[in-house]
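K.L.:
With the input below, show me the fold.
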Amino acid sequence: MARYSKNKTIYSILIVLCIVGFWIFENFYTPSSYSKSVEGNDISSFPEVYLPSSTTGDIVHHSYYSLSYNEPFEQAEWVAYILDREHLTYDDRTRPYFIEDPWVKSKSADWRNYRGSGYDRGHLCPAGDRRFSEQAYNETFYTSNISPQDRGFNSGIWNRLEIHVRQWAKRYGRLNVITGGVLEAGLVEIGHEDVDVPAYFYKIIARKDEGKLRIIGFLLPGKEQSVPFQNFAVSIDSIEKYTGIDFFPQLDEKIERGLERTVDLENWSF
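P.N.:
Here you go, the predicted model:
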């Protein structure tokens, strides 16, 4: 009887230690950085001439995408990346942990803000666009590259648009993609850091076509929609009005004005 009681005590202690260890792991363990350095990759970095303005000045260049972080909203106001035909591989990658971005000055939001919130950790630069390299894939799991998204939206119309952008990359070659949530006052907030939940998300795609720049933009409500995503194609001017961001500030003003006022569906396949 005494031996049974002793074993029971040992088992109880082991269970408690396991629970405590798991809690410590969940709440304090952070893997090493996914970036080799803060320097950008010359081959894959986003063209400076197409970079948007930053309302915060907190711009980070990772090896395979760039971003402007907006600390009050605890997420990027834009993420910019190249999607090339050569990037579209089906390499099997092990899904890593979401971790804070070590290069954001103010530190990006802790992934635990999303836990139990009911919202997905929605990628801005999709992990599916970065399977060609382990580092490129892992970098998409910095929390600076995610925004809270409604689950139906993330797996629905947002996903369908991402898939179609890949189809455009296969068809046209190199694309320049800029994407993010519309960050504005009065949004729902989640977690202990008050991460804002955008009510709208945008995506802008630009490509060269026989020396001409073709641009198309989308502004989507952050809920699943029963209509095609092309119904949400808008002018770049409209997205600038909602976000307060100047998306092609380095283009010649006359060219920029002409491109940003129009909704160009004719030069993109649907």
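
K.L.:
Tell me where the chain has strands.
P.N.:
Here the chain has its strands, by DSSP state E, at 59-61, 66-70, 75-83, 120-123, 146-149, 175-181, 188-190, 195-197, 200-209, 212-221, 233-234.

K.L.:
who does the shortest one touch, helix- and strand-wise?
P.N.:
Spelled out, that is strand 233-234. strand 212-221 (3 or more Cβ pairs under 8 Å, 6 or more residues apart in numbering; DSSP states H and E). From N, CA and C alone the C-beta is placed, and that goes for glycine too.

K.L.:
In the strand it packs on, which of the residues would be classed as buried?
P.N.:
Residues Leu213, Arg214, Ile215, Ile216, Gly217, Phe218, Leu219, Leu220 are the ones in strand 212-221 that count as buried (16 or more other Cβ atoms under 10 Å).

K.L.:
just stretch 147-167 next, same as before
P.N.:
147-150, 153-154, 156-159, 161-162, 164-166.

K.L.:
picking that back up, out of the strands of the chain, flag the one nearest Trp111.
P.N.:
Closest to Trp111 of those, according to Cβ to Cβ: strand 120-123, at 6.7 Å.

K.L.:
what about that closest one, average pLDDT?
P.N.:
Taken as a whole, strand 120-123 has an average pLDDT of 98.

K.L.:
Counting by contacts, list what that strand packs against.
P.N.:
Checking 3+ Cβ pairs under 8 Å, 6+ apart, strand 120-123 ends up next to strand 146-149, helix 151-155.

K.L.:
Output those as a markdown table; include the columns mean pLDDT.
P.N.:
Shown next, in a markdown table, are the helices and strands packed on strand 120-123 (pLDDT from 0 to 100):
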| stretch | mean pLDDT |
| --- | --- |
| strand 146-149 | 98 |
| helix 151-155 | 98 |
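
K.L.:
Next, work out how far apart the residue nearest to Phe270 when sequence neighbours are not counted and Pro96 are.
P.N.:
Excluding its sequence neighbours, the residue lying closest to Phe270 (Cβ to Cβ, 6 or more residues apart in numbering) is Gln230, at 5.2 Å. To Pro96, Gln230 is 33 Å away according to Cβ to Cβ, to the nearest Å.
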